[in-house]
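Trainee: model this:
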Amino acid sequence: MSMSGSNAPFITLGRHLKYVREQLQQSLEEVAGAVEIDEHTLQHIEAGQEKPAEEILLLLISYYGLQDQQAVQLWELADYGAEAPEQIKPDIDPMQGKAVVVLLAVDTRTMYSDGVDININPAGLTLSFTQATGKGQAAPIARVGMSLEQAIEVNRTLQIALIKAQLNGPKQLPPQTL
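Mentor: The predicted structure follows:
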């Protein structure tokens with residue numbers, strides 16, 4: 001059965017979303033769980049048989065760490081008839097003429113992780129932090145994306161912090177004097 005444009009009007013959008021998911025080596029189950037939709041719904045979206053709700057597409061864009069033109073392009077492919085939301089619109093820095101996307105953190109609480117997966121591509125690096133579940137599996141708890149240049153700086157800063165922590169030793173209360 002072939003999917004013509006009339007049977008699957010969102011096939012280009014679906015193909016893009018599937019390509020990004022596969023490049024990030026994420027399963028349908030992982031992504032569907034992360035954005036809290038049914039796995040079959042994600043399958044239909046990737047097949048171009050179903051248009052995602054606006055908030056689902058925004059969650060996918062955020063989960064995949066898509067920025068700038070790629071995020072806006074996906075929004076336009078969905079054909080919502082509305083201008084792209086502010087959180088995915090590139091901001092133009094007049095000083096450099098370079099597009100910058102600002103994503104605001106929704107939850108600033110500290111999340112503790114016992115695992116991390118690192119994905120690197122020409123555009124940058126994504127850290128996917130995980131927490132072990134009672135079923136012997138790892139559940140994603142946070143994702144952070146950055147350019148390769150920024151990753152090098154983060155690595156350098158982390159190394160310095162770890163060396164300082166080792167040199168200073170654990171913090172202890174001074175001994176009591178009587």
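Trainee: okay, now the domains of the protein?
Mentor: 8-90+97-104, 107-169 (automatic domain parsing).
Trainee: point out the most buried one among the ones you listed.
Mentor: Greatest average neighbour count among the domains of the chain goes to domain 8-90+97-104 (a mean of 17), per mean count of other C-beta atoms under 10 Å. Heads up, the C-betas are built off the backbone N, CA and C, glycines and all.
Trainee: just the mean pLDDT for that domain, thanks.
Mentor: For domain 8-90+97-104, mean pLDDT is 85.
Trainee: for stretch 125-140, same thing?
Mentor: Computed over stretch 125-140, the average pLDDT equals 81.
Trainee: and the end-to-end length of that stretch?
Mentor: Taking C-alpha to C-alpha, to the nearest Å as the measure, stretch 125-140 stretches 16 Å from start to finish.
Trainee: just the residues contacting that stretch, thanks.
Mentor: Residues outside stretch 125-140 that contact it (C-beta atoms under 8 Å, 6 or more residues apart in numbering) are 24, 30, 33-34, 65, 111-120, 141-148, 151.
Trainee: same thing but at 6 Å, please
Mentor: Under the contact criterion C-beta atoms under 6 Å, 6 or more residues apart in numbering, stretch 125-140 has outside partners 34, 65, 113-119, 141-146, 151.
Trainee: what about the residues you listed, which are in helices?
Mentor: 34, 151 (DSSP state H).
Trainee: among the contacts of stretch 125-140, name the ones in strands.
Mentor: 115-119, 141-146 (DSSP state E).
Trainee: can you lay out those as a markdown table showing distance to L60?
Mentor: Putting the ones in strands among the contacts of stretch 125-140 into a markdown table (distance: C-beta to C-beta, whole Å) gives the following:
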| residue | distance to L60 |
| --- | --- |
| G115 | 23 |
| V116 | 22 |
| D117 | 18 |
| I118 | 21 |
| N119 | 16 |
| I141 | 18 |
| A142 | 16 |
| R143 | 12 |
| V144 | 17 |
| G145 | 14 |
| M146 | 19 |
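Trainee: closest one of the residues you listed to E50?
Mentor: R143 (24.4 Å; C-beta to C-beta).
Trainee: so who does the closest one touch?
Mentor: By C-beta under 6 Å, 6+ apart, R143 lies in contact with S128.
Trainee: picking that back up, tell me which two of the ones in strands among the contacts of stretch 125-140 sit farthest apart.
Mentor: G115 and M146 (18.7 Å).
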